[in-house]
Structure formats: structure tokens, C-alpha cells
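Participant: Here is a sequence together with a model predicted from it:
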Amino acid sequence: MKIAICGKGGVGKSTVSAFLIKALLDKGRKVLAIDADPSPHLARLLGFDDSIITPIAQMKDLLNERSGRDGPFYNLNPKVDDLPEKFIKTKGDLSLMVLGAIQQGGAGCACADNAVLRNLLNRLLLSKDEDIVLDMEAGVEHLGRGTIANVDHILIVVQPYRGSVETAHKIDRLAKDLKVNSLHIVANNCQDEDDVHFIQQMCGRYPVGIFYQSPETRKAERQGKVITEADPQMVEVARQIISHLEKA
């Protein structure tokens, strides 16, 4: 099962991803976590030492070499088959690849660098031996590039705010253009049923999972602890989401 986590910046995509990964691991599954956010945090949330992890997007020499950039020209199909073995971190049944994302908008090297990241992401998504949870960059541009057209499910994380809902509508439209049929809303950071009702009303569907505000999770994050061990109720919500997706 390949799950992409999307949404507006700051809605809690990495937090939701971490709990989904925990739920899958608890079922005895092997999981590949991919962090494709420009400001990656998934490693820390999952208990990896992120001080020794450099996102692929920041490895400029590697990107230059693999893209074969020569002035305005670059390789559209760069070699990436050996990169997972070199850069994936493992802990038990959990594997982690921190891609990051190219941040220099408008820079001349952005297209060449993105060709490497896009090929590497597509290579990772071909894995048949692991479940995959893909923590995407904020917004909708990755959908416009079609980089997640081959995932099984898209989860749009929504907080009870209009800005978050507006981004969710844009993701919904683009995902449908890419023929991704399994598309679901996940409500996050809700205080009460009024928040859930707002999300349901604005999104036109009931969330497949509802994460209420969790002081325990917030405290664990601030202390740099593994957040998935902080609040069993958050893990239970993630288990319910996984169960729903398995039946979808």
C-alpha cells in the first residue's frame, strides 16, 4: 500500500505520517517512509538521529553529477538505482529516505535537480516489499508535476481553517486529474465536534480519521521524543485509517 500525505503547510502532515507509520509497523508490516518536504522533520518524529541525515535535495554535488547538467541541458532520466542502498536509514522494519525538495524557485538548476529527485521518488515507489508512506511538500505543485500519480491513496490533511480547506480543494481537483481515485480527508488538530462539522461541511465528505488536539503529543515533540509513543489514542486513529484504506 502506497499512501501520500498532502495538505497546506503547517497542517501536521509529518505528524499524521508518523502515526500512520506506527500503525503499519504495529501490524507487523515493513514500511518505507519517504520525507519529500523542503523542511523535513519525519526522521526526528520517528526517533532517527536527524543530525546525521542530509536530505538528497541538499546534496548539490550528487545532484550535479547525476543530472549531467551542461549549461541549459541535463539528463531527463538520470541514474538513481544505487541511491536507495546508499542513503536509506533503517531501524527494525522501518526504512527512511529523506529526499527533501528543491527550494530555489526560479533557479536555473532547479529543473535538473528535480529530475534526479523525481526519478528517485519514482524508483522508491516501485517497491513491492514494503508499505510506503510519503510525506509530501506543502501545497499542490508536486501534484501538478504528476510525481505521485502512482500512489494507491492520497490523504489530504485538513485543519479547521478556511485556508487549509482551500488548499484541500485544489489538491482534490489535481488528484482527480491524475486519476487517483482513492482520495480521503484526514482532520487534524480538532478541538471538538464543531471543528469536525466545519471540515465535513467545507470538504463535502466526512473525514476518514479525526486527530484531536493532543497535549501529550505536543509535549513529546517539544522535548524531542518519539511522538508515536506519547498518545495511544492518536495511534488508534491511525489504525482506523489504515483499516479503512485496506478495505477501499
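Facilitator: Alright, I've got the coordinates.
Participant: Identify each buried residue in the host helix or strand of residue 84, please.
Facilitator: Per DSSP states H and E: residue 84 is located in helix 83-87. For helix 83-87, burial by neighbour count (16 or more other Cβ atoms under 10 Å) applies to 83, 87. Every C-beta, even on glycine, is put in place using the N, C-alpha and C of the backbone.
Participant: partner strands of the helix or strand residue 156 falls within, parallel or antiparallel?
Facilitator: Assigned by DSSP H and E, residue 156 belongs to strand 153-158. In the sheet, strand 153-158 lines up against strand 2-6 (parallel), strand 183-190 (parallel) (DSSP bridges).
Participant: Put together JSON lines for those strands, with distance to residue 24 and mean pLDDT on each row.
Facilitator: JSON lines is the format used below for those (distance: least, Cβ to Cβ, whole Å; pLDDT from 0 to 100):
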{"stretch": "strand 2-6", "distance to residue 24": "9", "mean pLDDT": "95"}
{"stretch": "strand 183-190", "distance to residue 24": "15", "mean pLDDT": "97"}
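Participant: With respect to burial, which of the ones you listed scores highest?
Facilitator: Neighbour counts (mean count of other Cβ atoms under 10 Å) averaged over each of these peak at strand 2-6, with a mean of 26.
Participant: Packing partners of the helix or strand following that strand?
Facilitator: Next helix or strand after strand 2-6 toward the C-terminus (DSSP H and E): helix 13-26. Packing contacts for helix 13-26, counted by 3 or more Cβ pairs under 8 Å, 6 or more residues apart in numbering; DSSP states H and E, involve strand 2-6, strand 31-36, helix 42-45, strand 131-136, strand 153-158, strand 183-190, strand 209-212, helix 232-247.
Participant: So in this structure, where's the weakest helix or strand by average pLDDT?
Facilitator: Least confident helix or strand of the chain, by mean pLDDT, DSSP states H and E, is helix 141-144 with a mean of 71.
Participant: Contacts for it, please.
Facilitator: With Cβ atoms under 8 Å, 6 or more residues apart in numbering as the test, helix 141-144 has contacts from 6, 36, 101, 136, 148, 171, 174-175, 178.
Participant: From those, pick the one nearest residue 204.
Facilitator: Taking Cβ to Cβ as the measure, residue 171 is the one of those closest to residue 204, at 13.6 Å.
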